[in-house]
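*Asks:* What follows is a protein structure lacking sequence information:
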Ligand code: ATP
Ligand code: MG
């Protein structure tokens with residue numbers, strides 16, 4: 001069986017089966033529904049930055065349109081001026097473009113339809129299907145009833161049409177305070193569907209809207225999809241009548257993306273930003289698209305991950321290890337290898353001439369045939385990682401230790417002859433000798449030595465700041481913990497800053513903001529926008545160790 005599968009996979013292009021939404025669309029198109037016109041919509045509320053969960057929706061909405069030759073609207077759901085801002089609108093557009101999608105001229109705002117929606121409200125009032133309620137939202141909630149007991153009618157339910165019209169117009173004219181009046185649909189306080197128990201459809205908000213300013217003082221309430229589907233259909237039917245089928249878009253829900261070790265709620269993410277618990281929406285620990293971008297993630301990796309987890313109807317908690325596995329695979333293939341020492345200790349090669357410098361040839365990327373090489377200076381004094389040396393090592397320590405040999409990557413084999421310590425017993429310098437017959441690439445370099453270390457030349461290396469990012473939360477599913485506030489569950493070690501790591505000169509001279517590299521033996525890093533001329537800042541995208549692949553037995 002395994003053989004058969006291998007043969008199929010080796011047979012060339014892998015053809016992915018359609019996911020269930022794509023299948024519905026394909027069937028509709030095959031049946032000639034709506035004359036073959038396909039139009040999807042992505043409807044973000046501009047009250048925060050997009051996160052990787054939104055990317056799942058974007059890949060579906062824009063992806064289906066792209067795959068089947070349709071169009072996709074970007075429709076901002078801007079009905080709450082208290083929480084919304086142009087900053088968010090611009091960021092949302094930037095992030096959709098970054099993912100590689102475009103809405104063309106199909107950019108819409110719910111606020112474009114405020115006059116129309118207001119007219120609809122007036123119409124419902126005139127038809128006796130809506131009324132102004134003077135009660136507080138608490139009172140209204142108390143009268144809702146329960147799924148098994150009917151609600152109670154509001155004392156204002158039977159106001160005359162004239163009075164309702166007058167009040168609603170005055171609500172919009174700004175005569176009343178926020179919360180003092182709402183407009184409710186007059187449906188059925190005993191309905192078995194709680195959403196039909198006279199839902200609130202308009203409320204007073206006095207904060208100016210970022211697009212329409214002070215023009216409106218009442219704003220429509222928007223609905224989440226699945227639980228409100230019947231109510232949504234009710235309004236479409238009431239307002240469009242016979243032509244309802246033509247107006248009624250088809251909604252297909254799929255499961256949300258939830259990631260381990262993070263939160264996806266915009267409210268919580270905003271709280272982290274506002275309270276300074278992260279550096280901003282684009283903090284590299286955030287699950288936002290701008291955060292992931294700054295962390296060194298690529299749109300392709302995010303799309304691959306979304307493909308991998310797939311679209312179903314089952315709620316799931318997706319393993320962040322799989323996302324990390326995806327970026328690691330991509331960077332393993334694409335990132336140049338360089339040397340950086342994060343926690344340096346000096347090694348003096350006592351038999352190497354004082355002023356001599358040799359340029360060693362280093363492979364840029366062994367995973368690619370034509371990635372080329374770069375030069376790295378070698379001299380008498382070098383830095384290695386402090387934990388690559390132990391004076392009294394345990395068994396199976398194959399790095400540097402007195403009396404033993406290690407290979408310096410791309411250079412020589414060295415032997416440790418001793419070390420110097422300060423008064424507290426900390427190693428301040430290690431002494432070694434090198435074997436001149438073991439230059440990398442020469443016949444002598446073939447000698448069997450267990451460990452290989454990365455290094456930089458002390459005289460030639462350059463200081464850089466390195467930000468070691470880790471997962472934002474210490475627990476797998478912070479949203480499931482009802483005992484603690486989610487902020488208590490943050491990982492206290494999610495960021496460690498090394499102000500003076502030592503990097504090789506090639507890296508210092510060529511790295512540009514956004515570039516990604518593999519620091520040999522450490523992990524993948526990208527150049528942060530905080531870098532200045534002469535001082536680079538690196539963000540750790542991800543370490544080398546792939547816990548996800550290991551778990552899967554790969
Ligand atoms: P919701 O509407 O579910 O409360 P939201 O309020 O966080 O999400 P919106 O701006 O309303 O954000 O979302 C825009 C679109 O993205 C909606 O279609 C929404 O369903 C979808 N979306 C939001 N979060 C996720 C997620 N975690 N996984 C998949 N889709 C999501
Ligand atoms: Mg929403």
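*Replies:* That came in fine, so what should we check first? A quick note: this is a predicted structure, and the numbers were derived from the prediction, not measured. Ligands and ions are numbered 1, 2, ... in the order given.
*Asks:* quick one: the helices in the stretch 151-300 of the chain?
*Replies:* In the stretch 151-300 of the chain, helices defined by DSSP state H, counting those that start in this stretch lie at 161-173, 225-240, 244-247, 266-274, 289-295, 299-309, listed in chain order.
*Asks:* Show residues contacting the fifth one.
*Replies:* Here helix 289-295 makes contact (CB atoms under 8 Å, 6 or more residues apart in numbering) with 49-52, 54-55, 91, 94-95, 98-99, 281-286, 302, 469, 526, 528-529, 539, 541. Bear in mind the C-beta positions are built from the backbone N, C-alpha and C, glycine included.
*Asks:* Can you say which of the helices of the stretch 151-300 of the chain is nearest to ligand 1?
*Replies:* The stretch from those with the least distance to ligand 1 (CB to the nearest ligand atom) is helix 266-274; that distance is 4.7 Å.
*Asks:* in that closest one, what's buried?
*Replies:* 266, 269, 272-273 (16 or more other CB atoms under 10 Å).
*Asks:* do stretch 315-333 as well
*Replies:* Buried positions in stretch 315-333, judged by neighbour count with 16+ other CB under 10 Å: 318-328, 330-331.
*Asks:* any chance of the residues you listed in TSV, with distance to ligand 1, secondary structure and pLDDT too?
*Replies:* As requested, the buried residues of stretch 315-333 are arranged in TSV below (distance: CB to the nearest ligand atom, whole Å; DSSP: H, G, I helix; E, B strand; the rest coil; pLDDT from 0 to 100):
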residue	distance to ligand 1	secondary structure	pLDDT
318	10	strand	96
319	15	coil	96
320	13	helix	96
321	18	helix	95
322	15	helix	96
323	13	helix	97
324	18	helix	97
325	20	helix	96
326	17	helix	96
327	19	helix	97
328	23	helix	97
330	22	helix	96
331	25	helix	97
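*Asks:* Remind me which helix or strand the residue of the stretch 51-200 of the chain at minimum distance from ligand 1 belongs to.
*Replies:* Nearest residue of the stretch 51-200 of the chain to ligand 1: residue 53, at 2.2 Å (CB to the nearest ligand atom). With elements taken from DSSP states H and E, the one containing residue 53 is helix 52-67.
*Asks:* Report the mean confidence score over that helix.
*Replies:* Averaged across helix 52-67, the pLDDT comes to 97.
*Asks:* counting contacts, what elements does it pack onto?
*Replies:* Here helix 52-67 touches helix 20-30, strand 39-42, strand 71-76, helix 289-295, helix 299-309, going by 3 or more CB pairs under 8 Å, 6 or more residues apart in numbering; DSSP states H and E.
*Asks:* Save those as JSON lines, and put in distance to residue 418, mean pLDDT and mean neighbour count too.
*Replies:* Supplementary listing: the helices and strands packed on helix 52-67 in JSON lines, determined by distance: least, CB to CB, whole Å; pLDDT from 0 to 100; neighbours: other CB atoms under 10 Å:
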{"stretch": "helix 20-30", "distance to residue 418": "67", "mean pLDDT": "95", "mean neighbour count": "15"}
{"stretch": "strand 39-42", "distance to residue 418": "65", "mean pLDDT": "96", "mean neighbour count": "18"}
{"stretch": "strand 71-76", "distance to residue 418": "67", "mean pLDDT": "97", "mean neighbour count": "20"}
{"stretch": "helix 289-295", "distance to residue 418": "42", "mean pLDDT": "98", "mean neighbour count": "24"}
{"stretch": "helix 299-309", "distance to residue 418": "46", "mean pLDDT": "97", "mean neighbour count": "18"}
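*Asks:* Could you save those as TSV and add columns showing distance to residue 193?
*Replies:* Listed next are the helices and strands packed on helix 52-67 as TSV, based on distance: least, CB to CB, whole Å:
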stretch	distance to residue 193
helix 20-30	25
strand 39-42	25
strand 71-76	26
helix 289-295	36
helix 299-309	32
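*Asks:* can I get those in CSV with distance to ligand 1?
*Replies:* As requested, those are arranged in CSV below (distance: least, CB to the nearest ligand atom, whole Å):
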stretch, distance to ligand 1
helix 20-30, 12
strand 39-42, 6
strand 71-76, 9
helix 289-295, 12
helix 299-309, 9
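*Asks:* Show me what from the stretch 1-150 of the chain comes close to ligand 1.
*Replies:* By the rule CB under 6 Å from any ligand atom, the part of the stretch 1-150 of the chain lying against ligand 1 is 43-45, 53-54, 56-57.
*Asks:* Just the buried residues out of those, in PyMOL syntax.
*Replies:* Remark: buried members of these, expressed as a PyMOL selection using 16+ other CB under 10 Å:
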select buried, resi 44+45+53+54+56+57
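*Asks:* Could you work out the most separated pair of the residues of the stretch 1-150 of the chain next to ligand 1?
*Replies:* For those, the farthest-apart pair by CB to CB is 45 and 56; their separation is 16.3 Å.
*Asks:* quick one: pLDDT of residue 385?
*Replies:* Listed pLDDT for residue 385 reads 98.
*Asks:* cool, and residue 225?
*Replies:* The predicted local confidence for residue 225 comes out at a pLDDT of 64.
*Asks:* got it, and residue 101?
*Replies:* 98.
*Asks:* Spatially, and excluding backbone neighbours, which residue is closest to it.
*Replies:* Leaving out its chain neighbours, the residue that sits closest to residue 101 by CB to CB, 6 or more residues apart in numbering is residue 62, at 3.9 Å.
*Asks:* Might you report the residue contacts of the closest residue to residue 222 other than its chain neighbours?
*Replies:* The spatially closest residue to residue 222, leaving aside those adjacent along the chain, is residue 79, at 5.3 Å (CB to CB, 6+ apart). The contact partners of residue 79, by CB under 8 Å, 6+ apart, come to 45, 110-111, 219-222.
*Asks:* any idea which of the residues you listed is the one closest to ligand 1?
*Replies:* After measuring those against ligand 1 - CB to the nearest ligand atom - the closest member comes out as residue 45, at 3.9 Å.
*Asks:* and the closest one, that one's in a strand?
*Replies:* No. The assignment for residue 45 is coil, going by DSSP: H, G, I helix; E, B strand; the rest coil, so no strand is present there.
*Asks:* I figured it hits residue 81, correct?
*Replies:* No. Contact between residue 45 and residue 81 fails when scored by CB atoms under 8 Å: they sit 11.6 Å apart.
*Asks:* out of the contacts of residue 79, who has the most neighbours?
*Replies:* Of all the contacts of residue 79, the most densely surrounded is residue 219 (24 neighbours; neighbours counted as other CB atoms under 10 Å).
*Asks:* beta partners of that residue?
*Replies:* With DSSP bridges applied, residue 219 shows beta-bridge pairing to residue 203.
*Asks:* re the thing from before, who wins for proximity to residue 37 among the helices of the stretch 151-300 of the chain?
*Replies:* Comparison of the helices of the stretch 151-300 of the chain against residue 37 by CB to CB identifies helix 244-247 as nearest, at 11.5 Å.
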